[in-house]
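Asks: coords below, sequence missing:
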């Protein structure tokens, strides 16, 4: 049967994949996808740990909240990416260095 | 304020006028152009007026109560120093004498220096000398006396070196000045000792009215007076100091060697300063401080005076320079004066000073005329001769008749032939010397004998001089037969002073009785109270003996040098060389004193150069080394540390900066790394 550890392993794998995508991709959209993967890893953990709260289903509820929040942040992030593209004509994060000192 | 006679103030103001007029003349001449002929007349007028004033002062004070006025000069603590004028027989005699001698010399100089390029400078110096000398004789304070003493030496220095382009003149005035400095040190120490002992500089208090010095006694090695007692050695030091001053100024052995060299100055200067007045300042000083000397110290004075007289006379025998012969004769006569002071013949000494001033000044002026004419011949015929060398002269009595006559008068006075003033004064000294030696040891009997012998030597060298210059044939003409002669006695500026001085060299000025020196009015006023009358044989035998032999000596000189028919002296013997080389004293001084001093100077120079400078250089080098070491450590250690810190901070900063490259992903990556590291550390620790 599928144990809690299996869920956590999948979550960690997802998280690492997302992390890897964030730090290595040359496209802001793919970075955004990486963020989504990491969020989903967190949500997976919430659902997996939900088995300790069968009375209120707190895990599942918070997972739903997080999904909604993720959708909202994705929308905001896409808007930012769109503005960045308008301004710099690129969405490669390496090319946008205005944050440096 | 010893005296309050009604005319005191007039007399004092006359004295001040007599002293100050030459100073005024000197200042005026100093402002005149260098060649201005006015200068001579300014100076002469000043000295003429001074002469009149001096005569009035003399008439009022001579044989009267001494006049003494003084005013407070300054105070140091509670010690009051007074300055003023002291007129007694001694000072008024000197006052009149100096003015009287200076007047003909001034007149003479107006002609003698006529063609000199620095005519007005000459009179500036001459008037300044007169001021110094007149001031010297009238002041009453030893401090002022010392000041004028120095001024006299200084003006003498200026005048000896008047022709400073001649190297010999420069050497001569240097020598005179250094010799005089030695004496000045003596005088200064004597003054300091007297002040330490008696707490006053006042000559009147010390030597005349209170006569503190005379009242002090030497007992058991202590010098005792009312004001306390100090070791007796200080009395000896003071006497030696005074003697040194006298010896330097009055050219006594061993400090006499400057005087013959001083003849490098103009002849008129030699006549006034180095024959008549300045050199008498030493004798005058002795007269002022006479009570200071004890019996034994006076004996030493007599010995030195006698030796100087004898030595100078022997040197004068062989000299060929006209002025040098006269210079040595001056030294010899000054020796007589010191001798007279030493044997207690105070009056005779000053009497001889006065008479000697006239006839020696006369002889120098004669020498001036002769040298002037010789120089004239030399320049006219373009000869290479020394115009002062008597070997070239001879037979000048026909060319210069007036000069010849006055020269004979002066020479007879110098020899001491009756009817001249020199006879009166010199025989006085000889007689009193013989009286003094009675009852003393055989050695001291040599002193009058030496003086007597010296008077015959004097007769010989003076005759030799006169004969060589005025008699016989003109040797220059023999040597250069083709030369032309245009010489004469000169104008009235030459004639008047010569005649004036010649008259003053005869007996009537000093005594109506030409044979007995005791009757001379000058002597009668100056002689000591306990003077012996004509009671012993010396008074008759000495004048007769001296004069008969002198006449023989004069004839002998005439025979040797004019007729050439008797023997002539060998010019190679030891005595000839001793005399001709002036007893080798200059050479001895050069070897014994000048050379060691120069050597000392060189050693000091070497020491300064090598040791002191070396030390300083060593310190300098050490400092520089320390400094460079400090600089190095500053640059490399202190600065290096700072640079290291700066570099460290910079590298840390640069390292930190690398993370701030503006790449969002990089930031995240770094953050991840740090979190990971933290976790790993957490696990490990």
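Replies: Yep, it's here. A quick note: this is a predicted structure, and the numbers were derived from the prediction, not measured.

Asks: ok, and what's touching the helix or strand hosting residue B:493?
Replies: If you go by DSSP states H and E, residue B:493 is part of helix B:492-504. Helix B:492-504 has contacts (Cβ atoms under 8 Å, 6 or more residues apart in numbering or on different chains) with B:100, B:104-105, B:107-108, B:110-112, B:358-359, B:361-362, B:365-366, B:369, B:402-403, B:405-406, B:409-410, B:421, B:489, B:509. (Each C-beta comes from the backbone N, C-alpha and C, glycine too.)

Asks: so after that helix, what's the next helix or strand?
Replies: Immediately after helix B:492-504, counting by DSSP H and E, sits helix B:521-526.

Asks: which of the contacts of helix B:492-504 are buried?
Replies: B:100, B:104-105, B:107-108, B:110-112, B:358-359, B:361-362, B:365-366, B:369, B:402-403, B:405-406, B:409-410, B:421, B:489 (16 or more other Cβ atoms under 10 Å in any protein chain shown).

Asks: Looking at those, which are in helices?
Replies: Among the buried ones among the contacts of helix B:492-504, the residues falling in helices (DSSP state H) are B:100, B:104-105, B:107-108, B:110-112, B:358-359, B:361-362, B:365-366, B:369, B:402-403, B:405-406, B:409-410, B:421.

Asks: dump the residue contacts of the closest residue to residue B:287 other than its chain neighbours.
Replies: Counting by Cβ to Cβ, 6 or more residues apart in numbering or on different chains, residue B:90 is the residue found nearest to residue B:287 once chain neighbours are left out, at 5.2 Å. By Cβ under 8 Å, 6+ apart, residue B:90 lies in contact with B:284, B:287, B:288, B:350, B:526.

Asks: do residue B:155 as well
Replies: Contacts of residue B:155 (Cβ under 8 Å, 6+ apart): B:125, B:128, B:129, B:132, B:273.

Asks: didn't the fourth one look like it was pressed against residue B:151?
Replies: Yes. Under the criterion of Cβ atoms under 8 Å, residue B:132 lies in contact with residue B:151, with a separation of 3.8 Å.

Asks: Which one's more surrounded, the two?
Replies: Neighbour count, other Cβ atoms under 10 Å in any protein chain shown: between residue B:132 and residue B:151, residue B:132 has more, with 25 against 17.

Asks: Give me the mean pLDDT for the longest helix belonging to chain A.
Replies: For chain A, the longest helix by residue count, based on DSSP H, is helix A:58-88. Mean per-residue pLDDT for helix A:58-88: 92.

Asks: now stretch B:476-484
Replies: The average pLDDT for stretch B:476-484 rounds to 76.

Asks: who's in contact with that stretch?
Replies: So stretch B:476-484 is in contact with B:374, B:377, B:380, B:381, B:383, B:385, B:392, B:393, B:394, B:485, going by Cβ under 8 Å, 6+ apart.

Asks: In space, what's closest to residue 37 - neighbours in sequence excluded?
Replies: The chain I'm using is chain A. Excluding its sequence neighbours, the residue lying closest to residue A:37 (Cβ to Cβ, 6+ apart) is residue A:18, at 3.3 Å.

Asks: My question was about chain B, not that one.
Replies: Leaving aside its sequence neighbours, residue B:37 sits nearest to residue B:119 (Cβ to Cβ, 6+ apart; 6.7 Å).

Asks: Not counting its neighbours along the chain, what's nearest residue 21?
Replies: I'll assume chain A. Residue A:21 sits nearest to residue A:34 (Cβ to Cβ, 6+ apart), 3.0 Å away.

Asks: meant chain B, my bad for not saying
Replies: Of all residues not flanking residue B:21 in the chain, residue B:46 sits nearest, at 4.2 Å (Cβ to Cβ, 6+ apart).

Asks: other SSEs contacting the helix or strand hosting residue B:54?
Replies: Using DSSP H and E, residue B:54 sits in helix B:38-61. If you count contacts as 3 or more Cβ pairs under 8 Å, 6 or more residues apart in numbering or on different chains; DSSP states H and E, helix B:38-61 packs onto helix B:8-31, helix B:89-112, helix B:119-138.

Asks: for that helix, the distance to its chain's centre please.
Replies: The chain centroid and the centroid of helix B:38-61 are separated by 24 Å, computed with Cα atoms, centre = their mean, to the nearest Å.

Asks: try stretch A:34-53
Replies: Worked out by Cα atoms, centre = their mean, stretch A:34-53 lies 10 Å from the chain centre.

Asks: do the same with stretch A:70-88
Replies: Centroid separation for stretch A:70-88 versus its chain: 15 Å, with Cα atoms, centre = their mean.

Asks: Mind listing what's buried along that stretch?
Replies: Neighbour counts over stretch A:70-88 (16+ other Cβ under 10 Å) mark A:70, A:77, A:81, A:84 as buried.

Asks: give the contact list for residue B:547.
Replies: Neighbouring residues of residue B:547 by Cβ under 8 Å, 6+ apart: B:416, B:417, B:418, B:423.

Asks: Get me the contact residues on chain B for chain A.
Replies: Proximity of chain B to chain A (Cβ under 8 Å from any Cβ of the partner chain) is limited to residues B:657, B:660, B:661, B:662, B:663, B:664, B:665, B:667, B:668, B:669, B:672.

Asks: Pick the one among the residues you listed closest to chain A.
Replies: Of all those, chain A sits closest to residue B:662, with 2.8 Å by Cβ to the nearest Cβ.

Asks: which SS class is the closest one?
Replies: coil (DSSP: H, G, I helix; E, B strand; the rest coil).

Asks: I figured it was touching residue A:97, is that so?
Replies: Yes. The pair residue B:662 and residue A:97 qualifies as a contact (Cβ under 8 Å) at a distance of 3.3 Å.

Asks: And chain B, split by domain according to the record?
Replies: If you go by automatic domain parsing, the domain ranges for chain B are B:1-140, B:355-580, B:588-657.

Asks: Can you tell me which of the ones you listed is packed in deepest?
Replies: domain B:1-140 (a mean of 20; mean count of other Cβ atoms under 10 Å in any protein chain shown).

Asks: chain center to it, what's the gap?
Replies: 19 Å.

Asks: low-confidence ranges in chain B?
Replies: B:1-8, B:210, B:514, B:518-519, B:527-537, B:563-572 (pLDDT under 70).

Asks: Good, wrapping up.
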